[in-house]
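>>> Structure for the following, please:
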Amino acid sequence: MTNISTTLPDPFKGDFTFCYPKRSLRDKEASAYIGMSESWLRHNRISGQRLGRIAGPRFIKVGRSVRYLKEDLDAWLAQFPKRDHLAQQDKEGSLS
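Now for the predicted structure:
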């Protein structure tokens with residue numbers, strides 16, 4: 001017989017992922033989630049929108065901490081067109 005206390009997260013030990021899924025992510029978690037580096041996120045956040053560069057996802061500040069909301073990361077990823085192959089043209093007719 002399996003002891004259920006060893007198979008489920010224990011909120012009394014600080015593991016709330018089972019009861020409360022994370023809505024906000026730190027730099028490291030957000031970079032893994034979208035597949036970009038932490039330094040890219042940080043540089044994009046500091047520099048803002050630059051000509052000819054991809055704008056980074058939206059973020060929030062909680063005190064001095066920076067957090068990325070999952071829905072903002074999902075929206076940022078959704079803005080990029082899905083392609084079947086690299087030579088596929090986008091809606092404007094250019095190769096990207």
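
>>> and Ala78, what pLDDT?
Note on Ala78: pLDDT of 94.

>>> Show me the shaky parts of the chain.
Applying pLDDT under 70 to the chain flags residues 1-20, 88-96.

>>> repeat that for 80
Within the chain, the ranges that satisfy pLDDT under 80 run 1-21, 48-52, 86-96.

>>> can you give me the strands for it?
Assigned by DSSP state E, the strands in the chain fall at 24-25, 60-62, 65-69.

>>> Relative to Arg45, which of those strands is closest?
strand 65-69 (6.8 Å; CB to CB). In short, each C-beta sits where N, CA and C put it, glycine included.

>>> The closest one: partners in the sheet, and parallel or antiparallel?
The strands beside strand 65-69 in its sheet (DSSP bridges) come out as strand 24-25 (antiparallel), strand 60-62 (antiparallel).

>>> Nearest to Trp40 among the ones you listed would be which one?
Of the strands paired with strand 65-69, nearest to Trp40 by CB to CB is strand 24-25, at 14.9 Å.

>>> So what touches the closest one?
Strand 24-25 is contacted from outside by 33, 60, 62, 67-70, 73, using CB atoms under 8 Å, 6 or more residues apart in numbering.

>>> if we can go back for a sec, please produce a markdown table containing the strands of the chain, extended by distance to Ser39.
Output for these, formatted as a markdown table (distance: least, CB to CB, whole Å):
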| stretch | distance to Ser39 |
| --- | --- |
| strand 24-25 | 16 |
| strand 60-62 | 19 |
| strand 65-69 | 14 |
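
>>> Out of these, flag the one nearest Asn44.
Judging the strands of the chain by CB to CB, what sits closest to Asn44 is strand 65-69, at 11.4 Å.

>>> Identify each buried residue in the closest one, please.
Of the residues in strand 65-69, 66-69 count as buried by neighbour count, 16 or more other CB atoms under 10 Å.

>>> In a markdown table, list those along with distance to Pro81.
Formatted as a markdown table, those follow (distance: CB to CB, whole Å):
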| residue | distance to Pro81 |
| --- | --- |
| Val66 | 28 |
| Arg67 | 28 |
| Tyr68 | 22 |
| Leu69 | 23 |
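
>>> How about Val62: what's its closest non-neighbour residue?
Closest residue to Val62 apart from its sequence neighbours, by CB to CB, 6 or more residues apart in numbering: Ser24 at 7.8 Å.
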